[in-house]
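J.: here's a sequence, model it:
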Amino acid sequence: MFASINLCYDKAMDTKLIILRGSSGSGKSTVAKKLREQSEENIAIIEQDYLRREVLRECRGRPRTHNADLIYQTVMFCLERGFHVILEGNFVFDVYKDFFLKLNKQHPNNTFYYYFNISLEETIKRHQTKPKRDEFTGEQMARWYKENDIIGFPGEKIITDDFTLEATVALIKKDTGL
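T.: Down below sits the predicted model:
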């Protein structure tokens, strides 16, 4: 039998939710891992691709609401238990608008948005340096690529080609206090 867990919902309001959005290969996962590596805080990294492709095995033609619901529940689970959360994924705003509005309503404070507005050329170049570089091609990345998918929420920061890994991590650490 499982022991009942007394959730500390007040703790959720002190936690930080950092959302890293952008095209596949733009550097979101690398930044998320580096942020956690450089922090002594309890940080959960939630990867959209892992939950969508590995856990649910969602693919084109299936409703995307399943993955959005699972991601939302996972984010809230972690926040409510006192973890800061780095949520990273493509998250095309047209598709995930309701998801982000729901997150903002549930966690209105301490939410930070970063959009990786990286050129297709730089995205493909970055992707070639990763261990998973053979999982998809530059042609596939070009089909998925969406430029300037800016949400426009207050405080959203735009990461461009000229941001190094170190500069991006430093910006997020400064903004969030992690």
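
J.: C-alpha from now on. contacts and neighbour counts both.
T.: Will do.

J.: what about the residue nearest the centre of the chain, distance to residue 139?
T.: Centroid-nearest residue in the chain, with CA atoms, centre = their mean: residue 88, separated by 1.6 Å. Going from residue 88 to residue 139 by CA to CA, to the nearest Å gives 22 Å.

J.: ok so, going back, now the residue nearest to the centre of the chain: closest residue in space that isn't a chain neighbour?
T.: What sits nearest to residue 88 in space, not counting adjacent residues and going by CA to CA, 6 or more residues apart in numbering, is residue 20, at 4.6 Å.

J.: check residue 29 too.
T.: In space, and not counting its chain neighbours, residue 29 is closest to residue 88: 6.7 Å by CA to CA, 6+ apart.

J.: the helix or strand hosting the one you found: partners in the sheet, and parallel or antiparallel?
T.: Element membership for residue 88, per DSSP states H and E: strand 84-89. Sheet pairing of strand 84-89 (DSSP bridges) gives strand 17-22 (parallel), strand 43-47 (parallel).

J.: which one of the ones you listed lies closest to residue 102?
T.: Nearest to residue 102 among the strands paired with strand 84-89 is strand 17-22 (13.3 Å), distances taken as CA to CA.
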